[in-house]
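1. heads up, no residue letters with this:
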Ligand code: NIG
Ligand code: FE
């Protein structure tokens, strides 16, 4: 038996489908949405909503697609408060802090690791995230990477193998041997447990040649590449991502004109992670330059215990508007439809008949309030596959 629920009296419905409503976000005013089981069954004028068993009165508030977070590092243990404190007293961020979390993650029990992920997934869901990618990358042994992916798989299908996060201390003198491990026995164990492969392509992590070797090996095993690219310095990451047909190049903070051109000509989404710049006191990526060049932009909080310990997409929308010169419409699109593009998903990130009923009701009359009212918890309710979170 199907259950149908209508959400009526929506002041502004963001569909992200320009053919359904006004402007690039396809806005429908005074709208209703009907959910049947886990799908959207009907959208239109609130006054024409069909009769259903259950009804939710939105009370003149805004409804939008659930946030699609395409970049998180939730499988970790430990805490880096001290590192953050030191940074706020002037010490710069470096990739080296990752090793602190690696030690804590290796030492954690399966139960503790799982409880930690459960905690942050709940936190993200409460804030309106309905699709969430989760990476490994704090295990860095075959067993610890495989168990990280196992833990992540209990919460999402969007699981990413990031064995190439940094070279772990036991391989400090032989990075080539670590690349052999990541592309050999570790990949054998991890490939069946993941959808994506990622590399931190950066000075102090993996160079362009190493990244190419790792991503190509993953692709041969059916994993689609995504790349941590150009976060701390200009480098080969972005152009490598485009060349290999990666779904996404993430960070994109330090870009040359050639990087922007490559992104504009390729299919790779530029995923911007302004929580990282906020929490490392670094200059923000130039979103305007990317958008004006025609690049597809996504936003994500990059939740991790080092560079960006926030799971809040709303916060990133506000940062993107205030600090990165995105319009509120562009930022909301990037947090929903943009994230879906970065995960190559066509069933989420928009509101249309037949798509997943992943929806967020705001305590505000318009999606613009996400930027207009920074820091305010505006998510009043969220439905995940038609079920109230
Ligand atoms: O996306 N850049 C690499 N990875 C994370 C940082 C991880 C950490 O500092 O623990 C990021 O910023
Ligand atoms: Fe990251």
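-> Structure received. A quick note: this is a predicted structure, and the numbers were derived from the prediction, not measured. Ligands and ions are numbered 1, 2, ... in the order given.

2. what about the helices in the stretch 201-350 of the chain?
-> For the stretch 201-350 of the chain, the helices defined by DSSP state H, counting those that start in this stretch occupy 208-220, 237-243, 257-265, 274-280, 287-292, 313-323, 328-333, 339-342.

3. ugh, wrong one, I meant the stretch 1-150 of the chain
-> 81-88, 98-107, 110-126, 142-153.

4. end-to-end on stretch 82-95?
-> 15 Å (Cα to Cα, to the nearest Å).

5. sorry, wrong one. I was asking about stretch 279-290.
-> Per Cα to Cα, stretch 279-290 runs 22 Å from first to last residue.

6. that stretch near ligand 1 anywhere?
-> No: Stretch 279-290 does not reach ligand 1 (Cβ under 6 Å from any ligand atom); its nearest approach is 8.1 Å. From N, CA and C alone the C-beta is placed, and that goes for glycine too.

7. tell me the domain ranges of this protein?
-> Domain ranges of the chain: 4-66+350-388, 68-342, per automatic domain parsing.

8. could I get the ones you listed as a markdown table with mean pLDDT and mean neighbour count?
-> Shown next, in a markdown table, are these (pLDDT from 0 to 100; neighbours: other Cβ atoms under 10 Å):
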| stretch | mean pLDDT | mean neighbour count |
| --- | --- | --- |
| domain 4-66+350-388 | 98 | 19 |
| domain 68-342 | 97 | 21 |
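
9. surely residue 314 and residue 128 touch.
-> Yes: using Cβ atoms under 8 Å, residue 314 is in contact with residue 128, at 7.0 Å.

10. shared neighbours of these two, anything?
-> residue 379 (Cβ atoms under 8 Å, 6 or more residues apart in numbering).

11. for the stretch 251-389 of the chain, list the residues in contact with ligand 1, please.
-> By Cβ under 6 Å from any ligand atom, the part of the stretch 251-389 of the chain that sits against ligand 1 consists of 276, 302, 304, 305, 306, 307, 308.

12. please identify the helix or strand for the nearest residue to residue 363 once chain neighbours are set aside.
-> In space, and not counting its chain neighbours, residue 363 is closest to residue 380: 4.3 Å by Cβ to Cβ, 6 or more residues apart in numbering. Per DSSP states H and E, residue 380 falls inside strand 379-384.

13. picking up where we left off before, kindly provide the distance from the residue nearest to residue 363 to residue 249.
-> Counting by Cβ to Cβ, to the nearest Å, the gap from residue 380 to residue 249 is 34 Å.

14. contacting residues for the closest residue to ligand 1 within the chain?
-> For the chain, the residue closest to ligand 1 is residue 306, as judged by Cβ to the nearest ligand atom, at 2.3 Å. Counting by Cβ under 8 Å, 6+ apart, residue 306 touches 80, 83, 93, 97, 98, 100, 101.

15. can we see that at 10 Å?
-> When the contact criterion is Cβ atoms under 10 Å, 6 or more residues apart in numbering, the partners of residue 306 are 73, 76, 80, 83-84, 87, 93-98, 100-101, 138, 276, 279-280.

16. go on, residue 351?
-> Neighbouring residues of residue 351 by Cβ under 10 Å, 6+ apart: 13-17, 20-21, 26, 28, 31, 33, 40, 43, 63-66, 336, 357-359.

17. just say helix, strand or coil for it.
-> Three-state call for residue 351 (DSSP: H, G, I helix; E, B strand; the rest coil): coil.

18. is ligand 1 within reach of stretch 111-128?
-> No: contact of stretch 111-128 with ligand 1 (Cβ under 6 Å from any ligand atom) is absent, the minimum separation being 13.7 Å.

19. what do you get for stretch 131-142?
-> No: Stretch 131-142 is not in contact with ligand 1 by Cβ under 6 Å from any ligand atom; minimum separation 7.1 Å.

20. just how off-centre is that stretch within its chain?
-> 13 Å (Cα atoms, centre = their mean, to the nearest Å).

21. quick one: terminal-to-terminal distance for that stretch?
-> One end of stretch 131-142 sits 27 Å from the other (Cα to Cα).

22. and stretch 101-121, by the same measure?
-> 18 Å.

23. got the contact list for that stretch?
-> Residues contacting stretch 101-121 (Cβ under 10 Å, 6+ apart): 72-80, 83, 129, 132, 134, 136-141, 143-144, 147-148, 150-152, 154-156, 165-166, 168-169, 303-306, 309, 311.

24. redo that, cut-off 6 Å
-> With contacts defined as Cβ atoms under 6 Å, 6 or more residues apart in numbering, stretch 101-121 is touched by 74-78, 138-140, 144, 151, 155, 305, 311.

25. which parts of the stretch 151-300 of the chain are strands?
-> With strands called from DSSP state E, counting those that start in this stretch, the stretch 151-300 of the chain shows them at 159-164, 196-201, 224-229, 248-251, 269-272, 297-299.
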